[in-house]
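J.: here are the coordinates; sequence isn't available:
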């Protein structure tokens, strides 16, 4: 009887799903605000994941505080992946968002979604999903270019990217995105301290 009650408490309710949907929409909006100034510029586009990670930390952390259950983060990752696919983004970013969403869910789940440090680490991992397209770019540039041209990206945009790209950029993108996400997640945890206390989230 007790185990059945625990399963019910841990499963996502309709209210949880609605909350996830609302926060996913908010995440997307702030994602666009932070990332668009970088994405529209072929020189700055490499830093798009950092721009996206900067503003979304508080939203991500509040989602965990509101729905500290398995699959909430995974659903967020899947929804972001579907939106990216619908808007014509490279498949590396789509796959990255989904895969990192699952991994981020697992990491936060280790602390039962009540460890502030693990929740911040989870957001760092989640934010790395957007770097998937740049990983493909630096490892298989011709394939990336072909995919983007087929998707409607202008040749001039890609030519400028190619002229700007340097080998050292990939580690900077990965480390920088994780660092910015860690900072944003920490800011979110500070701003939402009272909400965290209500949810039983500790250091």
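T.: Noted; the coordinates are in hand. Because the structure is predicted, anything quoted here is derived from the model rather than measured.

J.: going forward, measure contacts and count neighbours with C-alpha atoms only.
T.: Will do.

J.: got a list of what residue 192 touches?
T.: Contacts of residue 192 were listed using CA atoms under 8 Å, 6 or more residues apart in numbering, and they are 58, 62.

J.: pLDDT at it, what is it?
T.: pLDDT recorded at residue 192 is 86.

J.: Kindly report the same for residue 88.
T.: At residue 88 the predicted local distance difference test score is 88.

J.: So it versus residue 95, what's the distance?
T.: Using CA to CA, to the nearest Å, one obtains 13 Å as the distance from residue 88 to residue 95.

J.: between these two, which one's more packed in?
T.: Legend: neighbour count by other CA atoms under 10 Å for residue 88 and residue 95, higher for residue 95 (21 against 15).

J.: check which helix or strand covers that one.
T.: Secondary structure assignment for residue 95, by DSSP states H and E: helix 91-110.

J.: which secondary structure elements does the helix or strand just after that helix contact?
T.: Sequence-wise, the next helix or strand downstream of helix 91-110 (DSSP H and E) is helix 116-127. Contacts of helix 116-127 with other secondary structure elements, assessed using 3 or more CA pairs under 8 Å, 6 or more residues apart in numbering; DSSP states H and E, are made with helix 48-66, helix 91-110, helix 169-191.

J.: Output the lowest mean pLDDT helix or strand found in this structure.
T.: For the chain, counting by mean pLDDT, DSSP states H and E, helix 2-10 ranks last in confidence among helices and strands (a mean of 50).

J.: Compute the number of surrounding residues for residue 155.
T.: Using other CA under 10 Å as the criterion, residue 155 is surrounded by 12 other residues.

J.: Find the residue at the geometric middle of the chain.
T.: With distances taken as CA atoms, centre = their mean, residue 127 lies nearest the centre of the chain, 3.5 Å away.

J.: where does residue 12 fall, helix, sheet strand or coil?
T.: Using DSSP: H, G, I helix; E, B strand; the rest coil, the three-state assignment for residue 12 comes out as coil.
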